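[1] how would this look folded up:
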Amino acid sequence: MITPYQMRAARALLGWDQRRLAEEAGVSLPTIQRMEASEGNVRGNVDTLVKVVEALEGGGIELIAEGQASADGGRGVRLKR
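    Predicted coordinates for the structure are as follows:
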């Protein structure tokens, strides 16, 4: 799962606004806005979530899930180099 915080952080690392993420993922701007306004994990259609994650990963983002190696052991994003 991805959180709204991860989505915003990932966009910031890429220098993308919500419109750019929507275009890269092939979804509507209101969909991205709704996803980022979610509480807890992002809510949405599984296909839409996959498109958003693939767009972020295609841009160079590595999403860090709960329990994966990170400095504090929490969720986050990492820019792949």
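
[2] Check which helices and strands the lowest-mean-pLDDT helix or strand in the chain is in contact with.
    Of all helical and strand segments in the chain, the minimum by mean pLDDT, DSSP states H and E falls on strand 76-79, at a mean of 71. On a contact count with 3 or more Cβ pairs under 8 Å, 6 or more residues apart in numbering; DSSP states H and E, strand 76-79 meets helix 4-14, strand 61-64. Yep, even glycine has a C-beta here, placed from its N, CA and C like the rest.

[3] so L21 sits right up against T31, yeah?
    No - the pair L21 / T31 is not scored as a contact, 9.8 Å apart, by Cβ atoms under 8 Å.

[4] More neighbours: which of those two?
    L21 (24 against 18; other Cβ atoms under 10 Å).

[5] now the angle from the helix or strand hosting that one to helix 4-14?
    According to DSSP states H and E, L21 maps onto helix 18-25. Orientation of helix 18-25 against helix 4-14 (axes from the mean of the first three to the mean of the last three Cα atoms, to 10 degrees) gives an angle of 90 degrees.

[6] Which other helices and strands does the helix or strand following helix 18-25 contact?
    The helix or strand immediately downstream of helix 18-25 is helix 29-36, counting by DSSP H and E. When contacts are defined as 3+ Cβ pairs under 8 Å, 6+ apart, helix 29-36 sits against helix 4-14, helix 18-25, helix 46-58.

[7] how about G59, what does it touch?
    Residues near G59 by Cβ atoms under 8 Å, 6 or more residues apart in numbering: A10, L14, W16, E24.

[8] which of those sit farthest apart?
    The most widely separated members of these, counting by Cβ to Cβ, are A10 and E24 (11.2 Å).

[9] ok, those two, which is more surrounded?
    A count of neighbours by other Cβ under 10 Å puts A10 above the other of A10 and E24, at 26 against 17.

[10] For the more buried one, give me its contacts.
    Listed by Cβ under 8 Å, 6+ apart, the contact partners of A10 are L56, G59, I61, L63, V77.
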